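With the sequence up front, the predicted model follows.
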Amino acid sequence: MVDAKAWKTIALTFAGKLVTAGWSAVKACALVGVHRTSWYRHLTPPAPAGITVPHLDRDYPNRISTAEADEFMALLNSEEYADLSVTQAYYRMLDAGYCPFSIAAAHRIVARHGQNGDRREQRPGNGPKRAKPVHAATAPNQLWSWDITMLHGPGKHTYKLYTIMDVFSRKVVGHRVEHTETAALASALIRDAVAGNKRTPAVLHADNGAPMRAGTTLELARDLGITLSYSRPRVSDDNPYSESLFRTVKYDLDFPRRFQDLGHAREHLATFFTSYNTHHRHSGLNYYTPDTVHNGLVQQATRHRQETLDACYARNPHRYRRRPTALGVPPVAGINHKETNPLSQTA
C-alpha cells in the first residue's frame, strides 16, 4: 500500500507531465486530485534551513546578560529586600535609582531561579512531613468525617457543635451541642453515632484538634475497630465534607444570629439535621437526599424520577433536545482521592 506522501509525489509527477504536454496547471491538478498550490510549491520547494539557534540562545542586542541577572538576584536576596515580594522589591530598587530591566523581565529571571513562589520564611517543621490523607468510599459506613464548630449564644456565650457525617451518603449520623469542647464529649458523640447507626465505619477522619487526638478518642477507636485519620497541619481542605456541612448549617435562612440558650441551640440543630437528612437534595449526590443514599434506596428513587421524566417527555418532546435521563449517585466519594494540579503562586 502506497502511503500518502508517496502517492502525492506520484500525482505531482504525473501532473508535471500533463503540464509539459500542454495542459493547464489547474486542469492537470484537478485530474490527479491535488490542489494547484501544492503544484506551485512543488515547482519552488523551500530552501533547506541552515543552522537554527533556539530563541533562548540567540544573541539579541537587548538580551539580559547572565551577569546582569546574577547581580539582580544577589540584590533581591540581600538583607534589604529578602522579605519583600518581587514587585515590592523592584519598585523600591527603582526609587533607589536601580533599574536594569522591566518588571516583567524581573519576574522571568526570578522564575528561572525558582524563587517565584512565596518568598517569606516558612515555618520550620518539627518532624517528618505528615502524609496526605487519601481515602475513597464506594458505599455508606466506609468513611466518616467529624469536626467541631462554634455557635454564638447570648452576649459573649458560645456553644460547641459536634457533628459526624458519612462521606459517601452525606448523612449526619451524629451530632450534639455542648458548652465546651472536651475529649469525653467527643467520645460520647462517636459512641452514640455508632450505636444509632448500628454500623461502625472503617475510617473516621478529623482535623488535629485536641479532642480528636485525645487518648480517650484513640482508645475508643481501637475498641470499636475504627481506623483514625487526620488532616495535615494548616491544610483546611483535608476535611472538606465537615467544613462544607458547617457552611450549609450556618447559611441556612432560619439559622439565628445568636441562640437564646443551650436548649434553643439543641432544639434548632436537631430539627435542622432531621430535615437535612430526610429532605435536603444534595448537589454532591445528584440531588438525592442523604437518607435515600444511606439506606440504599437510590435505585428506587432513580426509577421513580425516570418515570416522571419519561412522562414529561412524552407530553412535550419538543421541549427537549434529547430524552432526559435520571442520574444515579456518583460511585465514589472521598478525601484527596482525585488527582489535581497544584495551583502556581505568583511572587
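Now that the structure is in, tell me what you want to look at.

Mind telling me what element the residue nearest to A136 when sequence neighbours are not counted is part of?
Leaving aside its sequence neighbours, A136 sits nearest to G334 (C-beta to C-beta, 6 or more residues apart in numbering; 3.6 Å). C-betas here are computed from N, CA, C, even on glycine. Secondary-structure assignment from DSSP states H and E places G334 in strand 333-335.

name the helices or strands packed onto that strand?
strand 135-137, strand 143-152 (3 or more C-beta pairs under 8 Å, 6 or more residues apart in numbering; DSSP states H and E).

So which of these has the densest surroundings on average?
Each of the helices and strands packed on strand 333-335 was assessed for mean neighbour count using mean count of other C-beta atoms under 10 Å. The highest is strand 143-152, with a mean of 22.

and it, what does it pack onto?
Using 3+ C-beta pairs under 8 Å, 6+ apart, strand 143-152 is in contact with strand 135-137, strand 158-166, strand 172-178, helix 183-197, strand 203-206, helix 240-250, strand 333-335.

what's in contact with the third one?
Residues from elsewhere that reach strand 172-178, judged by C-beta atoms under 8 Å, 6 or more residues apart in numbering: 144, 146, 151, 159-166, 185, 188-190, 192-193, 196-197, 245, 262, 265-266, 269-270, 273, 276-277, 290.

For G117, which of the helices and strands packed on strand 333-335 is the nearest?
strand 135-137 (28.6 Å; C-beta to C-beta).

hang on, the residue nearest to A136 packs against Q142?
No: counting by C-beta atoms under 8 Å, G334 stays clear of Q142, with 9.1 Å between them.

quick one: common contacting residues for those two?
V167.

ok, back up a step: now the helices and strands packed on strand 333-335 as TSV including mean pLDDT and distance to S78?
Below are those laid out as TSV (pLDDT from 0 to 100; distance: least, C-beta to C-beta, whole Å):
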stretch	mean pLDDT	distance to S78
strand 135-137	94	46
strand 143-152	96	44
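
As JSON lines, those strands with distance to V34 would be great.
Formatted as JSON lines, the helices and strands packed on strand 333-335 follow (distance: least, C-beta to C-beta, whole Å):
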{"stretch": "strand 135-137", "distance to V34": "55"}
{"stretch": "strand 143-152", "distance to V34": "63"}
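
List just the one of those strands that sits closest to K8.
Closest of the helices and strands packed on strand 333-335 to K8 is strand 135-137, at 52.2 Å (criterion: C-beta to C-beta).

Any stretches of the stretch 51-200 of the chain with poor pLDDT?
Residues of the stretch 51-200 of the chain that meet the criterion pLDDT under 70 lie in 118-128.

Report the residue ranges of every domain in the chain.
Annotated domains of the chain cover 4-43, 63-112, 135-285 [automatic domain parsing].

Which of the ones you listed has the highest mean neighbour count?
domain 135-285 (a mean of 17).

tell me how far the ends of that domain are from each other?
One end of domain 135-285 to the other measures 18 Å (C-alpha to C-alpha, to the nearest Å).

so how far is it from its chain's centroid?
Relative to its parent chain, domain 135-285 has a centroid offset of 23 Å by C-alpha atoms, centre = their mean, to the nearest Å.

hang on, the earlier thing: can you redo the helices and strands packed on strand 143-152 as a markdown table with distance to G50?
Formatted as a markdown table, the helices and strands packed on strand 143-152 follow (distance: least, C-beta to C-beta, whole Å):
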| stretch | distance to G50 |
| --- | --- |
| strand 135-137 | 56 |
| strand 158-166 | 67 |
| strand 172-178 | 72 |
| helix 183-197 | 74 |
| strand 203-206 | 62 |
| helix 240-250 | 57 |
| strand 333-335 | 56 |
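
closest to H107 out of the ones you listed?
That would be helix 240-250 among these, by C-beta to C-beta, at 32.6 Å.

contact partners of the closest one?
Contacts of helix 240-250 (C-beta under 8 Å, 6+ apart): 145-147, 149, 161, 163, 165, 167, 170, 172, 206, 236-237, 255, 269, 272, 276, 335.

Next one: the closest residue to R36 other than its chain neighbours from A6, what distance?
In this structure, R36 finds its nearest non-sequential neighbour in C29, 4.6 Å apart by C-beta to C-beta, 6+ apart. Per C-beta to C-beta, to the nearest Å, C29 is found 18 Å from A6.
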